[in-house]
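J.: Below are the sequence and a predicted model; questions follow.
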Amino acid sequence: MKNKLKNFLREDISNIKEYEVLDPKGMIKLDAMENPFDVDLKFESESILANKVNINRYPDGACKNLTKKLRDSHNLKSNFNILVGNGSDELIQILCMAFSKKGNTLLCPQPTFSMYKSIADLVGLNFKAVPLENDFSLNINKMINDIKQTDPALIFLAYPNNPTANLWDRNNIEKVIENTNGLVVIDEAYGAFSGESFLNDIDKYENLAVMKTFSKVGLAGLRLGYLMAENSLIEELNKIRLPFNVNSISQKIAEIALDNKDYLNKQSKEIIGLRESLLKQMLNVKEIEVYNSSTNFILFKIKNGSADEIFNKLLKDKILIKNMSKTESLKDCLRVTVGTEKDNNIFIQSLKNALN
Ligand code: PMP
């Protein structure tokens, strides 16, 4: 970059690394927790693009039709509202911006979804990481202690957690909610694969919000996430989202998908079955330690050897998974997304070859 411009740029940006996405062309893609099945979006209404969406007009910024369908689908009470985002990534950004008063802290267990920290850093929130126990459970005493010390404005709890794939104990999460003054956001990106949710609890606590996404259940390309929280909080957040943050085509397709919910639910159930059989196969591979999963991905550790080496060997076989090795406390760990039966079998075979 020209030096003149550099002088105007925020200095911290030069130290940020762009979110790394490897080119998946020609690869068996098992890196990003997508649904591996094609989605038949014809459903009942054929003509999403030409007839039903006026793309010459701006979208409905409030996503009224979509919000209504989501509200019905989750039986949300009238004192709660929904904010739709361009992926839940955007909602995390909106929440962090809204709570980034000088001196405020965002607290998260660690390791967890990396965007929480990246966005906190960017908007100037202090970030407090609370290490998980060795078995990836919450260190609840330390959590509560650190909450007392830092009085966080925001806490993100991925339920189940990415990248560890486990569900934290419900009682411990309730303790976190009860012991903080700040907002606790339960991020249920992988909720479809765990069967567990805190949505029925948002009535119980005034500092609880639940976030979900369409990305993991078959519609990652739409970029649609949604946050459910008490009316007055959504009202404040609505003031700072960009006016037309969710495009009309994504809104429409999501509405059609919600009218055909059983279709996507069936796929998620199938993925749970595939996960169980992939887990079983992986547990038979003695060179790796496999962690249990309540999600559509599996974290595993190379016992004697380097994850980088195995990752690269898989790449040579045109299999793309995620190398977690650089994440603190996940040395020599890899993360594989559950794919189709065929792709899972190719992965297992290639993994066994790589380990021998
Ligand atoms: N939350 C968690 C825990 C995630 O793992 C991810 C994506 N990997 C997201 C949120 C973001 O999802 P999206 O922006 O696609 O809705």
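T.: In hand now; what should we look at?
J.: Can you mark which positions in stretch 116-132 are buried?
T.: Neighbour counts over stretch 116-132 (16 or more other Cβ atoms under 10 Å) mark 116-122, 125-130, 132 as buried. For the C-beta atoms, the positions are set from N, CA and C on the backbone; glycine is no exception.
J.: next one: stretch 182-196
T.: 182-194, 196.
J.: Kindly reformat these as TSV and extend each row with pLDDT.
T.: As requested, the buried residues of stretch 182-196 are arranged in TSV below (pLDDT from 0 to 100):
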residue	pLDDT
Gly182	98
Leu183	98
Val184	98
Val185	98
Ile186	98
Asp187	98
Glu188	98
Ala189	98
Tyr190	98
Gly191	98
Ala192	97
Phe193	98
Ser194	98
Glu196	98
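J.: Show me which of the residues you listed is closest to the ligand.
T.: Among these, Ala189 lies closest to the ligand (Cβ to the nearest ligand atom), at 3.7 Å.
J.: Find the closest residue to the ligand in this protein.
T.: Sorted by distance to the ligand under Cβ to the nearest ligand atom, the residues of the chain start with Gly87, at 2.8 Å.
J.: Neighbours of the nearest residue to that residue once chain neighbours are set aside, how many?
T.: Nearest in space to Gly87, with sequence neighbours left out and distances taken as Cβ to Cβ, 6 or more residues apart in numbering, is Arg223 at 4.3 Å. Taking other Cβ atoms under 10 Å as the criterion, the count of residues near Arg223 is 19.
J.: Send over stretch 78-96 as PDB, restricted to the C-alpha atoms.
T.: Only the C-alpha atoms of stretch 78-96 are listed here, as PDB (Å, rounded to 0.1, in the frame of the first residue of the first chain):
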ATOM      1  CA  SER A  78     -44.800 -11.200  22.000                       C
ATOM      2  CA  ASN A  79     -42.400  -9.700  24.400                       C
ATOM      3  CA  PHE A  80     -39.500 -11.100  22.300                       C
ATOM      4  CA  ASN A  81     -38.400 -10.100  18.900                       C
ATOM      5  CA  ILE A  82     -36.000 -11.200  16.200                       C
ATOM      6  CA  LEU A  83     -33.100  -9.500  14.500                       C
ATOM      7  CA  VAL A  84     -32.000 -11.100  11.200                       C
ATOM      8  CA  GLY A  85     -28.400 -10.700  10.100                       C
ATOM      9  CA  ASN A  86     -26.200 -11.300   7.100                       C
ATOM     10  CA  GLY A  87     -25.100 -14.600   8.700                       C
ATOM     11  CA  SER A  88     -24.800 -14.800  12.500                       C
ATOM     12  CA  ASP A  89     -21.300 -13.300  12.000                       C
ATOM     13  CA  GLU A  90     -23.000 -10.000  11.300                       C
ATOM     14  CA  LEU A  91     -25.100 -10.400  14.500                       C
ATOM     15  CA  ILE A  92     -22.000 -11.000  16.500                       C
ATOM     16  CA  GLN A  93     -20.600  -7.800  15.000                       C
ATOM     17  CA  ILE A  94     -23.800  -5.800  15.700                       C
ATOM     18  CA  LEU A  95     -23.800  -7.000  19.300                       C
ATOM     19  CA  CYS A  96     -20.200  -6.200  19.800                       C
END
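J.: For the lowest-mean-pLDDT helix or strand in the chain, output the C-alpha coordinates as CSV.
T.: Least confident element among the helices and strands of the chain, by mean pLDDT, DSSP states H and E: helix 3-6 (a mean of 84). Output in CSV follows, covering the C-alpha atoms of helix 3-6 (Å, rounded to 0.1, in the frame of the first residue of the first chain):
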residue,chain,number,x,y,z
ASN,A,3,2.7,5.1,2.3
LYS,A,4,0.4,8.1,2.2
LEU,A,5,-2.7,6.0,2.6
LYS,A,6,-1.0,3.8,5.2
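J.: Helices of the stretch 251-356 of the chain, start to end?
T.: Chain-ordered helices for the stretch 251-356 of the chain, with DSSP state H, counting those that start in this stretch as the definition, fall at 261-283, 307-316, 341-355.
J.: Could you report the neighbour count for the residue lying closest to Glu270 once chain neighbours are set aside?
T.: The shortest distance from Glu270 to any non-neighbouring residue, by Cβ to Cβ, 6+ apart, is to Phe37 (7.6 Å). The local packing count at Phe37 equals 14, with neighbours defined by other Cβ under 10 Å.
J.: Same question for Tyr58.
T.: The burial count assigned to Tyr58 is 11, neighbours taken as other Cβ under 10 Å.
J.: Flag every residue of the stretch 101-250 of the chain that's near the ligand.
T.: Of all the residues in the stretch 101-250 of the chain, those in contact range of the ligand (Cβ under 6 Å from any ligand atom) are 113, 158, 162, 187, 189, 213, 215, 220, 225.
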